[in-house]
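Participant: I'll drop the sequence and a predicted model, then ask my questions.
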Amino acid sequence: MIYTHEDKRNKELSADCGNCFGLCCVALYFSASEGFPTNKDAGKPCINLQSNFTCSVHKNLRDKGLKGCTAYDCFGAGQKVAQVTCGGHDWRQAPESAKQMFEAFLIMRQLHEMLWYLTQAFILQTDHGIKEEISSLLYNTEHLTLLDVDSLLALDVVDHRAKVNILLKNTSELVRTKARSRKNTPSRNRNANSRRLDYFGTDLRKTNLKGADLRGACLIAANLRGVDLSGADLIGADLRDADLSGANLTNSIFLTQAQLNTAKGDSLTKLPMMLVRPTYWSK
């Protein structure tokens with residue numbers, strides 16, 4: 001069975017704050033040192049969350065230095081828990097079930113993140129047999145997002161993620177191998193295809209990153225201006241304050257909106273079709 005509803009799924013995996021109950025502003029732990037308003041315990045509402053579940057400073061988050069807020073992305077988990085799992089009953093209306101709702105949100109966010117990656121893997125994968133495996137896991141994962149609260153909380157997310165990671169790694173190797181084998185890659189450039197995790201503040205403008213394995217890499221404040229990241233696997237990479245001005249990310253893989261929101265870029269930065277240019281990037 002082949003999964004064929006990428007467009008519908010990508011819409012469902014985008015945050016719809018109007019149909020949520022400010023779950024990310026309540027369920028999550030906040031640290032002021034990471035760009036949030038103040039230190040906040042999980043389960044406690046943010047000081048800027050209003051009674052209608054909107055943010056009182058939403059339009060000025062960047063001006064106030066709240067980078068953590070602008071970077072966060074729930075992958076659509078918020079509205080799924082609010083409207084499907086909890087049937088439209090918010091945590092203020094049903095305070096006795098608030099703790100369950102917050103815990104369900106944390107699990108749902110992980111499942112929706114997996115759906116995001118699996119959807120891209122399905123599109124990229126050319127091996128028919130593996131494509132069917134991805135399709136099956138997509139359907140299975142979506143089914144899990146429709147579980148009732150008790151079943152969702154009992155779910156072994158770690159085990160499910162392990163199954164997902166096998167297929168993501170397989171697809172990553174396929175895409176990266178093709179990217180590295182393409183002609184016209186300047187041989188004079190340093191090559192970063194070997195596994196490395198720490199690029200903190202590194203100038204990578206003369207490094208060949210086509211098809212690079214950057215899974216979980218620290219790219220904080222790295223200089224990637226004008227770098228071609230075609231086929232590079234960026235799953236879990238930390239791009240905080242990385243300079244992507246003029247970089248080519250069109251065919252990079254497993255990049256998320258949240259990662260882009262933490263980086264710097266400009267009008268010349270080329271992005272994958274499903275991602276949008278942050279409004280605060282330079283022109």
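Facilitator: Here it is on my side, so go on. Numbers count the residues shown, from 1 in each chain.
Participant: and the longest helix for this structure?
Facilitator: helix 98-124 (DSSP state H).
Participant: and that one, average pLDDT?
Facilitator: For helix 98-124, mean pLDDT rounds to 97.
Participant: got it, and stretch 212-225?
Facilitator: When pLDDT is averaged over stretch 212-225, the result is 97.
Participant: Output it as CSV, nothing but the C-alphas.
Facilitator: What follows is stretch 212-225, C-alpha atoms only, in CSV (Å, rounded to 0.1, in the frame of the first residue of the first chain):
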residue,chain,number,x,y,z
ALA,A,212,27.1,15.6,4.1
ASP,A,213,25.9,13.7,7.1
LEU,A,214,25.0,16.6,9.5
ARG,A,215,22.5,14.6,11.6
GLY,A,216,22.6,16.2,15.1
ALA,A,217,25.5,18.4,14.2
CYS,A,218,26.2,21.6,16.2
LEU,A,219,26.2,24.3,13.6
ILE,A,220,25.6,27.2,16.1
ALA,A,221,26.9,30.5,14.6
ALA,A,222,28.6,28.6,11.7
ASN,A,223,29.3,30.6,8.5
LEU,A,224,27.4,28.8,5.7
ARG,A,225,27.0,31.8,3.4
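Participant: And that stretch, what's buried?
Facilitator: For stretch 212-225, burial by neighbour count (16 or more other C-beta atoms under 10 Å) applies to 212-215, 217-225. (C-beta placed from N, C-alpha, C; glycine too.)
Participant: can you redo those as CSV with secondary structure and distance to residue 45?
Facilitator: Formatted as CSV, the buried residues of stretch 212-225 follow (DSSP: H, G, I helix; E, B strand; the rest coil; distance: C-beta to C-beta, whole Å):
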residue, secondary structure, distance to residue 45
212, coil, 41
213, strand, 40
214, coil, 36
215, coil, 35
217, coil, 34
218, strand, 32
219, coil, 33
220, coil, 30
221, coil, 32
222, coil, 35
223, strand, 39
224, coil, 37
225, coil, 40
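Participant: and which of those residues is nearest residue 19?
Facilitator: Set against residue 19, the nearest of the buried residues of stretch 212-225 by C-beta to C-beta is residue 215 (32.5 Å).
Participant: so who does that closest one touch?
Facilitator: By C-beta atoms under 8 Å, 6 or more residues apart in numbering, the contact list for residue 215 reads 172, 233-237, 254.
Participant: Save the residues you listed as JSON lines, and put in neighbour count and secondary structure too.
Facilitator: Formatted as JSON lines, the contacts of residue 215 follow (neighbours: other C-beta atoms under 10 Å; DSSP: H, G, I helix; E, B strand; the rest coil):
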{"residue": "172", "neighbour count": "23", "secondary structure": "helix"}
{"residue": "233", "neighbour count": "26", "secondary structure": "strand"}
{"residue": "234", "neighbour count": "24", "secondary structure": "coil"}
{"residue": "235", "neighbour count": "20", "secondary structure": "coil"}
{"residue": "236", "neighbour count": "12", "secondary structure": "coil"}
{"residue": "237", "neighbour count": "24", "secondary structure": "coil"}
{"residue": "254", "neighbour count": "23", "secondary structure": "coil"}
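Participant: Let's verify residue 273: helix, strand, or coil?
Facilitator: coil (DSSP: H, G, I helix; E, B strand; the rest coil).
Participant: Which pLDDT value belongs to it?
Facilitator: 90.
Participant: still on that earlier bit, farthest-apart pair in the contacts of residue 215, please.
Facilitator: Maximum distance among the contacts of residue 215 (C-beta to C-beta): 12.3 Å, for 172 and 237.
Participant: Show me what secondary structure element comes after the helix or strand bottoming out on mean pLDDT in the chain.
Facilitator: Within the chain, confidence by mean pLDDT, DSSP states H and E is lowest for strand 190-191 among all helices and strands, at a mean of 58. Downstream of strand 190-191, the next assigned helix or strand under DSSP states H and E is strand 207-208.
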